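In: Next input, structure requested:
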Amino acid sequence: MKLFSAYTLGTVKLQNRVVMSPMTRSRATDNLPNSLMADYYGQRSGAGLIITEGTSPSPNGLGYARIPGAFSPQQTAGWQRVADAAHAGGARIFMQLMHCGRVGSRLNLPPGAELVAPSACALSGKIWTDSQGEQPYDPPREMRLHEIEQTINEYVLAAQNALAAGFDGVEVHGANGYLINQFLDPGSNRRSDEYGGDAACRNRFALDVAAAVIAEIGAERVGIRLSPYGVFNEMSGAYDGIADQYVALAAAAGGLGLTYLHLVDHSAMGAPRPEPATVQAMCRAFRAGGGAGVILSGGYDGERAEADLQSGAADLIAFGRPFIANPDLVARIKAGYPLALPDQTTFYSPGPAGYTDYPAMP
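Out: Have a look, this model is predicted:
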């Protein structure tokens, strides 16, 4: 099967074409990567590429409880243990850089940090905090232009720290309603300056972040994740001009020479399915612009993954939730062994239960 064949991603050779999707698991007590997280990723190092959970480049981006950062020496040291564990099992590993933007509570932020976003548009609903349980989302403050520049620099520093920790590269998270996606979406971006208004201006922050990170660590070490038509965290889903906007974004990302475009489809979890024609056009535009690989993610099993690889729709296939309860997922797919189901009550709870205690197949 092509799924189990090697693939060269930028300057690194992957042992297969299986990618472990980034998944928030909320085990980073005090926002520090730890030995439990190293064990978790090490157990799943049969993947060709591991993309870590979303990792904040800034104290301002730590909207959720117990998510990791990549902006301090202590965090970099913790991440080194994770990278070493992944490499020991044969995987390559990219750090996903995720700034939560407006998605968060001030109770989850460290002292001195604040929720910021392209516009002062708060989410409805509630979010978990360890100190006070479920609490309403706090309203963010609109970012000033100099703060946008500062945030871009924070992404660059986080990428530097990732490489210092031994990572093979980084993924810029532009999906799922977090900061970059908030700039892309007209529902959450109501600016009238160079970072808001028309589609080209709304795309600017994503491209500026990617370009700055590339300038520091090289395009062969940088990918981007996008979720066109997504509705997670109150994104707008389908809106007028979305197809043209995202195809232009993919073409520009390809022009930067990014090593991959990672497109996520959450329809398997009940979200609207991205328009297939738009996804295909984005992939063509990315490759034509000079981009390298395409990763597709969302509801895959081995058979469907193989079909999309054989057709050329994707170069790599990402699996998310199947990796939670099946640390040896690659071996299970290869052997045709049944997959275990995860305990959803432990997705975001602290400790090893539902995290590192799932057994490998006999």
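
In: in the sheet, who's paired with residue 317?
Out: Using DSSP bridges, the bridge partners assigned to residue 317 are residue 18, residue 296.

In: list the contacts for it?
Out: Residue 317 makes contacts with 3, 17, 18, 19, 295, 296, 297, 300, 305, 308, 309, as judged by C-beta atoms under 8 Å, 6 or more residues apart in numbering. (C-beta placed from N, C-alpha, C; glycine too.)

In: Out of those residues, the closest to residue 187 would be?
Out: Relative to residue 187, the closest of those is residue 297; by C-beta to C-beta it sits at 23.3 Å.

In: ok, that closest one - contacts?
Out: Shown here is residue 297, whose contacts under the criterion C-beta under 8 Å, 6+ apart are 19, 21, 262, 263, 264, 265, 317, 318, 319, 320.

In: Leaving out chain neighbours, which residue sits closest to the first one?
Out: It stands for residue 19. Using C-beta to C-beta, 6 or more residues apart in numbering and skipping residues adjacent in sequence, the residue nearest residue 19 is residue 318, 3.9 Å away.

In: Please name the residues that touch the one you found.
Out: Contacts for residue 318 (C-beta under 8 Å, 6+ apart) come out as 19, 20, 21, 51, 262, 264, 295, 296, 297, 300.

In: Top of the residues you listed by number of neighbours, please.
Out: If you count neighbours using other C-beta atoms under 10 Å, the busiest of the contacts of residue 318 is residue 19, which has 31 neighbours.

In: where does that residue land on pLDDT?
Out: pLDDT recorded at residue 19 is 99.

In: That one: what's it in contact with?
Out: With contacts defined as C-beta under 8 Å, 6+ apart, the neighbours of residue 19 are 47, 48, 49, 50, 51, 295, 297, 316, 317, 318, 319.

In: returning to that earlier point: and the contacts of residue 297, which is closest to residue 57?
Out: Proximity of the contacts of residue 297 to residue 57, judged by C-beta to C-beta, is greatest for residue 262, which lies at 17.8 Å.

In: so the closest one sits right up against residue 171, yeah?
Out: Yes: judged on C-beta atoms under 8 Å, residue 262 makes contact with residue 171 at a distance of 6.5 Å.

In: which residues do those two both contact?
Out: Here residue 262 and residue 171 have 51, 223, 224, 225 as joint contacts, going by C-beta under 8 Å, 6+ apart.

In: hang on, the second one packs against residue 259?
Out: So the one you mean is residue 223. Yes: contact criterion C-beta under 8 Å: residue 223 and residue 259 qualify, at 5.4 Å.

In: ok, these two, which is more surrounded?
Out: Looking at residue 223 and residue 259 with other C-beta under 10 Å, you find the greater number of neighbours at residue 223, namely 28 against 23.

In: Can you tell me the SS state at the more buried one?
Out: Assigned state for residue 223: strand (three-state reduction, DSSP: H, G, I helix; E, B strand; the rest coil).

In: what sits opposite it in the beta ladder?
Out: residue 171, residue 260.

In: Could you check how far it is from residue 286?
Out: 11 Å (C-beta to C-beta, to the nearest Å).

In: now do residue 26
Out: Residue 26 sits 32 Å away from residue 286 when distances are taken as C-beta to C-beta.

In: Pick out whichever of these two has more residues nearby.
Out: Each of residue 26 and residue 286 has its neighbours counted (other C-beta under 10 Å); residue 286 has more, 27 against 18.

In: So which residues of the protein form helices?
Out: In order along the chain, the chain carries the following helices (DSSP state H): 35-43, 73-88, 145-164, 179-184, 199-217, 242-255, 276-289, 302-311, 321-325, 329-335.

In: With mean pLDDT and distance to residue 101 added, can I get these in a markdown table?
Out: Putting the helices of the chain into a markdown table (pLDDT from 0 to 100; distance: least, C-beta to C-beta, whole Å) gives the following:
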| stretch | mean pLDDT | distance to residue 101 |
| --- | --- | --- |
| helix 35-43 | 99 | 23 |
| helix 73-88 | 99 | 20 |
| helix 145-164 | 99 | 9 |
| helix 179-184 | 99 | 3 |
| helix 199-217 | 99 | 10 |
| helix 242-255 | 98 | 18 |
| helix 276-289 | 96 | 23 |
| helix 302-311 | 98 | 31 |
| helix 321-325 | 98 | 24 |
| helix 329-335 | 98 | 31 |
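
In: need the contact list for residue 99.
Out: 56, 57, 58, 60, 61, 151, 154, 155, 173, 178, 179, 180.

In: nearest to residue 91, of these?
Out: Closest to residue 91 out of the contacts of residue 99 is residue 173 (19.5 Å), distances taken as C-beta to C-beta.

In: wait, isn't that closest one in contact with residue 227?
Out: No: with the criterion set as C-beta under 8 Å, residue 173 and residue 227 do not qualify as a contacting pair; they are 9.6 Å apart.

In: List the single closest residue to residue 337 in space, sequence neighbours excluded.
Out: Taking C-beta to C-beta, 6+ apart, and ignoring the residues beside it in sequence, residue 337 has residue 361 as its nearest neighbour in space, at 4.9 Å.

In: how close does the one you found sit to residue 59?
Out: For residue 361, the distance to residue 59 under the criterion C-beta to C-beta works out to 41 Å.

In: So for these two, which sits in the more crowded spot?
Out: Neighbour tally, residue 361 and residue 59, criterion other C-beta under 10 Å: the higher count belongs to residue 59, 17 against 14.

In: and the gap between the nearest residue to that one once chain neighbours are set aside and residue 340?
Out: Excluding the flanking residues, the one nearest residue 59 by C-beta to C-beta, 6+ apart is residue 113, at 3.9 Å. Between residue 113 and residue 340 the distance, using C-beta to C-beta, works out to 38 Å.
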